[in-house]
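**Q** okay, predicted coordinates and the sequence, questions at the end:
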Amino acid sequence: MEQAGVHRVLAFDEGRFGLKAWFRRRWCPLGVRPPWIVEDQYEWTWVYVAVEPTTGWSYVLLLPETTSYCLEIFCRRLRQATGSERVGIVLDGSGSHRSRQFNWPGDLVPLRLPAYSPELNPAEQLFRHLRKQLANRLFNSRKELEAALSEELRSWQADRVGIQQLMGYPWWNKGASILSSIR
C-alpha cells in the first residue's frame, strides 16, 4: 500500500467505557474499610479517536460498538473534518480495522502498527487519562456515562499543548515529518 505523500499523520484507536467503574486507590482512616459502590450492569460505549500529536488536533466520536460499520462512520466524519488532504491513519490490527466489509476512503491511508504494540500508539494515552478521570464513579445509564465522557473530552480537546506534551513522542514527530515530506 502506498504510504508516501500524506499531508498529516494521525494516531487512531478506540476504547471501551462502561457503567462499571474502574477502581483506584482510596484513602480512609486506619482500621476503616474504604466504601466501594458496586454495580453489576454491563453497558458500554466506545470512544473513537484520531489524534495528531504534532499539532494537538484531535477528532472524537462516541459510537455504540466496535465494528467495521462504526469504523466506516468514523472515517466518513473524519474525512469531512480533515478536508481533501491525504491523511495517514496509524492503527493497530483489530479485526474491525482489517475487515473486508470496509473499504478505506481513498485519501485516508491506513498505516498499520506491529502486532501487540499498543505502547506505540499515542492515542492510547487518551484512554489512560479518561479512565483516571472517571475512576470510582458510578453511572446509572449509558446517557450519563456519555455525558461525563463528553465533558472530559471537550476539556481535553481544548488543550492542544497538553495533547502535544502527552502524545508528541520524539520518534513520532520525526516519523510524521518524514512521511509528510515525501511527495
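**A** That came through fine. Residues are numbered from 1 along each chain as shown.
**Q** for this structure, longest helix please?
**A** When the chain is scanned for its longest helix (criterion: DSSP state H), the result is helix 142-158.
**Q** average pLDDT for that one, rounded please.
**A** Helix 142-158 carries an average pLDDT of 94.
**Q** got the buried residues for it?
**A** Within helix 142-158, the residues that count as buried by 16 or more other CB atoms under 10 Å are 142, 145-146, 149, 152-153, 156-157. Backbone N, C-alpha and C define where each C-beta goes, glycine included.
**Q** mind checking which helix or strand of the protein has the lowest mean pLDDT?
**A** Comparing helices and strands within the chain by mean pLDDT, DSSP states H and E singles out helix 95-98 as the least confident, with a mean of 78.
**Q** for the residue nearest to the spatial centre of the chain, report the pLDDT, please.
**A** Of all residues in the chain, the one closest to the mean position by CA atoms, centre = their mean is V49, 3.5 Å from it. Note for V49: predicted pLDDT of 96.
**Q** identify the residues contacting it.
**A** Counting by CB atoms under 8 Å, 6 or more residues apart in numbering, V49 makes contact with 12-15, 58-60, 123, 126.
**Q** which residues in the protein form helices?
**A** According to DSSP H, the helices that the chain contains are 68-82, 95-98, 124-134, 142-158, 160-167, 170-181.
**Q** and of those, who's closest to S117?
**A** The closest approach between S117 and any of those, judged by CB to CB, belongs to helix 124-134 at 10.2 Å.
**Q** please compute how far that closest one lies from its chain's middle.
**A** Averaging C-alpha positions (CA atoms, centre = their mean, to the nearest Å) puts helix 124-134 10 Å from its chain's average.
**Q** check stretch 98-106 too.
**A** Using CA atoms, centre = their mean, we find the averaged C-alpha position of stretch 98-106 to lie 19 Å away from the chain's own average C-alpha position.
**Q** what's next to it, contact-wise?
**A** Residues from elsewhere that reach stretch 98-106, judged by CB under 8 Å, 6+ apart: 67-69, 71-72, 75-76, 79, 96, 110.
**Q** need the CA coordinates for it. CSV is fine.
**A** Output in CSV follows, covering the C-alpha atoms of stretch 98-106 (Å, rounded to 0.1, in the frame of the first residue of the first chain):
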residue,chain,number,x,y,z
ARG,A,98,-8.9,-5.4,8.8
SER,A,99,-12.5,-6.3,7.8
ARG,A,100,-13.1,-6.9,4.1
GLN,A,101,-16.5,-5.3,4.6
PHE,A,102,-14.9,-1.9,5.0
ASN,A,103,-13.0,-0.1,2.2
TRP,A,104,-10.8,2.7,3.3
PRO,A,105,-11.6,6.1,1.7
GLY,A,106,-9.0,6.9,-1.0
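**Q** picking up where we left off before, quick one: which two of the contacts of V49 are the most distant?
**A** The largest distance within the contacts of V49, taken as CB to CB, falls between G15 and Y59 and amounts to 14.6 Å.
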